[in-house]
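Chemist: quick one, structure for this:
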Amino acid sequence: MSGLVLYNTLTRRKEPFEPLEPGQARVYSCGPTVYSAQHIGNLRPYLFADLLRRTLELEGYRVSHVINITDVGHLTDDADAGEDKIEVAARKTGRRAEEIAAEFEAQWKRDCARVGCLEAQAYPRASDHIAQQIAMGQTLEEKGFTYRIEDGIYFDVSKFPHYAELGRLDLAGQEAGARIGDVAGKRHPADFAVWKFAEEGVRRQQEWDSPWGCGFPGWHLECSAMSVEYLGTSFDIHTGGVDHIPVHHTNEIAQSEAALGVHPWVKVWMHEEFLDFRGEKMSKSKGNLYILDDLVAQGVAPLAYRYFFLQAHYRQQQTFTDEALEAAATGYDRLVALACGLRETPDEAELDEARLASWRERFRDALRDDLNGPRALAVAWEVARSQELSPGERWGLLRDFDRVLALDLENALPRAAATESDPRIDALVEQRQQARRSKDFASADRIRDELDAEGILIEDTPEGARWRRK
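Modeler: As a prediction, the model looks like this:
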């Protein structure tokens, strides 16, 4: 249908996107673990997934997008050690686990909407799909892929020959240097929990009866069971963070393909890089969290954070600093300021559709190249500043581009201080300021008139001169 090319983590190369069903794209994204406030780093996977979805729709696909909500089973160690994160939060706060999950799920959904993400077609919660998870666990047991130890029911990775493929794992090396004492009885350090038994003498808020006894599902099982429930036994694209590659997504593949008897279970695996916070991964344990409300309190519009995301490719680690964010906010404001002027300008000129088509193709070609957001944003800026296009043509293109960029250019207003930057014009404005300070008003007026002829308006404010395009 299109020339869309996506990077597939499974094959480590870009590949033309060919859906399982013509015209239909089925996408599953690993969702949040809702035990605490979701920080701005947690938003990056969903900005990426939203860019993917919008690009697929631009290419004419009908998209079914599912994002799960992890409200049980995710332990403090991804490899089945430690305690359930939501249970820990409940014990520390004295609150009900479901209250904590509901609060932070709502916060995450609200923040996703504020940064322009479309709603998914489904947000299944792990706690609402225990029966499906038990059924998949039973299938794995019947097929001989699991074994029982004191701690729970575990998947035996030695029974699944494709286990190391996604993460390019060295299983022999893992076994040679194994530390399996964290979970006594595991046969291999990579073996993972399908079902965890309730610890004797420990009262949990979230546990269920099962064929193996009272307990709760392993974290990895929920995505396998719920993706099958909503997308079928095989689907097109699975997204998530790079940290999911060696454990969570590898385990999903193993149990899903083993239970369903399919290979490959998912055609394309796509992973976005971390948001780097001054040289560190942002995390609650490091005490360096920013939530979206913190940015808003600093005067940064939520969509300026989306603009910040679009400045880097999703597979490129992006460094967050106050300076980088402010630069993005300024860039966003300048683009909005230009859009404001264009959308208010009537244009009765005849449109050159052939010329507009070439701009649209450049924009789509950027996105077709593995969702190259920076290139697509650069094309939008070229259009916004173009002197070859009429104001109506520029606005029409920007409005079309914004279906994917999702910067709300049709409604957004810039911060009061936002101005565009151009080195030549900035220099002329400064020359005019110097002339005014020297009381050379003739030179100051001449520079103002020259800029006015170019369509540049100068505004003298108490903070100094600012300029904008008419």
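Chemist: was I right to think Phe309 contacts Gln318?
Modeler: Yes: the pair formed by Phe309 and Gln318 meets the contact definition of CB atoms under 8 Å, at 7.3 Å. Quick note: C-beta positions are derived from backbone N, CA and C, even for glycine.
Chemist: anything in contact with each of these two?
Modeler: Arg44 (CB atoms under 8 Å, 6 or more residues apart in numbering).
Chemist: neighbour count for the two, which is higher?
Modeler: A side-by-side neighbour count of Phe309 and Gln318, using other CB atoms under 10 Å, places Phe309 first with 23 against 18.
Chemist: model confidence score at the nearest residue to Glu450 once chain neighbours are set aside, please.
Modeler: Nearest residue to Glu450, sequence neighbours excluded (CB to CB, 6 or more residues apart in numbering): Leu428, at 7.4 Å. Leu428 is assigned a pLDDT of 87 by the prediction.
Chemist: neighbours of Leu428, just the number please.
Modeler: 19.
Chemist: Ala49 versus that one, what's the distance?
Modeler: 44 Å (CB to CB, to the nearest Å).
Chemist: swap in Gln298?
Modeler: 26 Å.
Chemist: more crowded one of these two?
Modeler: Ala49 (27 against 12).
Chemist: which helix or which strand is home to that one?
Modeler: helix 40-58 (DSSP states H and E).
Chemist: what do you get for Ala106?
Modeler: helix 97-114.
Chemist: and that helix with helix 40-58, angle?
Modeler: 60 degrees (axes from the mean of the first three to the mean of the last three CA atoms, to 10 degrees).
Chemist: and the next helix or strand past helix 97-114?
Modeler: That would be, after helix 97-114 and using DSSP H and E, helix 130-142.
Chemist: which elements pack onto the helix or strand that comes right after that following helix?
Modeler: Once helix 130-142 ends, the next helix or strand along the chain (criterion: DSSP H and E) is strand 146-149. When contacts are defined as 3 or more CB pairs under 8 Å, 6 or more residues apart in numbering; DSSP states H and E, strand 146-149 packs onto strand 152-155.
Chemist: just the buried positions in stretch 84-96, please.
Modeler: Counting neighbours by 16 or more other CB atoms under 10 Å, one finds that the buried residues in stretch 84-96 are 84-90.
Chemist: now Lys159: closest residue in space that isn't a chain neighbour?
Modeler: Closest to Lys159 by CB to CB, 6+ apart is Phe145, at 5.1 Å.
Chemist: to clarify, my last question referred to Leu52.
Modeler: Leu371 (6.1 Å).
Chemist: what sits against the one you found?
Modeler: Contacts of Leu371 by CB under 8 Å, 6+ apart are 6, 48, 51-52, 55, 313-314.
Chemist: sorry, back to before: what comes up buried for the helix holding Ala106?
Modeler: So helix 97-114, judged by 16+ other CB under 10 Å, has buried residues 97-98, 100-101, 104-105, 107-109, 111-112, 114.
Chemist: okay, domains of the protein per the record?
Modeler: 5-277, 302-405, 423-469 (automatic domain parsing).
Chemist: which of those domains has the lowest mean pLDDT?
Modeler: For those, where the average pLDDT is lowest is domain 423-469, sitting at a mean of 81.
Chemist: can you give me the end-to-end span of that one?
Modeler: 14 Å (CA to CA, to the nearest Å).
Chemist: got it, and stretch 437-444?
Modeler: 10 Å.
Chemist: so what's Trp195 bridging to?
Modeler: Ile153, Pro217 (DSSP bridges).
Chemist: residues contacting Ile86?
Modeler: 33-35, 71-72, 74, 97, 100-101, 206 are the contacts of Ile86 under CB under 8 Å, 6+ apart.
Chemist: what does Gly31 give?
Modeler: By CB under 8 Å, 6+ apart, the neighbours of Gly31 are 67-70, 123.
Chemist: then Phe320?
Modeler: 40-41, 275-278, 282, 290, 308.
Chemist: hang on, the earlier thing: need the contacts of Leu371 in CSV (columns: distance to Ser443 and neighbour count).
Modeler: Shown next, in CSV, are the contacts of Leu371 (distance: CB to CB, whole Å; neighbours: other CB atoms under 10 Å):
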residue, distance to Ser443, neighbour count
Leu6, 56, 21
Phe48, 51, 25
Leu51, 49, 25
Leu52, 54, 26
Thr55, 51, 27
His313, 46, 19
Tyr314, 50, 24
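Chemist: adding distance to Cys214, write those out as JSON lines.
Modeler: Formatted as JSON lines, the contacts of Leu371 follow (distance: CB to CB, whole Å):
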{"residue": "Leu6", "distance to Cys214": "43"}
{"residue": "Phe48", "distance to Cys214": "38"}
{"residue": "Leu51", "distance to Cys214": "43"}
{"residue": "Leu52", "distance to Cys214": "40"}
{"residue": "Thr55", "distance to Cys214": "45"}
{"residue": "His313", "distance to Cys214": "47"}
{"residue": "Tyr314", "distance to Cys214": "41"}
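Chemist: okay, the angle between the lengthiest helix in the chain and helix 40-58?
Modeler: Longest helix of the chain, by residue count under DSSP state H: helix 322-343. For helix 322-343 against helix 40-58, the angle by the same axes, to 10 degrees is 30 degrees.
Chemist: list the buried residues in the following helix or strand past helix 322-343.
Modeler: The first helix or strand that comes after helix 322-343 along the chain, using DSSP H and E, is helix 353-368. Buried residues in helix 353-368, counted by 16+ other CB under 10 Å: 356, 359-360, 363-364, 366-368.
Chemist: cool, stretch 219-234 as well?
Modeler: 219-228, 230-231, 234.
Chemist: can you check stretch 190-209 too?
Modeler: Across stretch 190-209, burial judged by 16+ other CB under 10 Å covers 190-198, 204, 206-208.
Chemist: please flag which of those residues sit within strands.
Modeler: 192-197 (DSSP state E).
Chemist: and which of those residues is nearest to Ala304?
Modeler: Taking CB to CB as the measure, Ala304 sits nearest to Phe192 out of those, at 39.9 Å.
Chemist: quickly find the element holding the nearest residue to that closest one once chain neighbours are set aside.
Modeler: Closest residue to Phe192 apart from its sequence neighbours, by CB to CB, 6+ apart: Asn251 at 4.8 Å. Using DSSP H and E, Asn251 sits in helix 250-260.
Chemist: the helix or strand following that helix - contacts with which helices or strands?
Modeler: Of the helices and strands lying after helix 250-260 in sequence (DSSP H and E), the nearest is strand 266-272. Packing contacts for strand 266-272, counted by 3+ CB pairs under 8 Å, 6+ apart, involve strand 5-8, helix 40-58, strand 235-241.
Chemist: repeat that for 10 Å
Modeler: strand 5-8, strand 24-29, helix 40-58, strand 235-241, helix 250-260 (3 or more CB pairs under 10 Å, 6 or more residues apart in numbering; DSSP states H and E).
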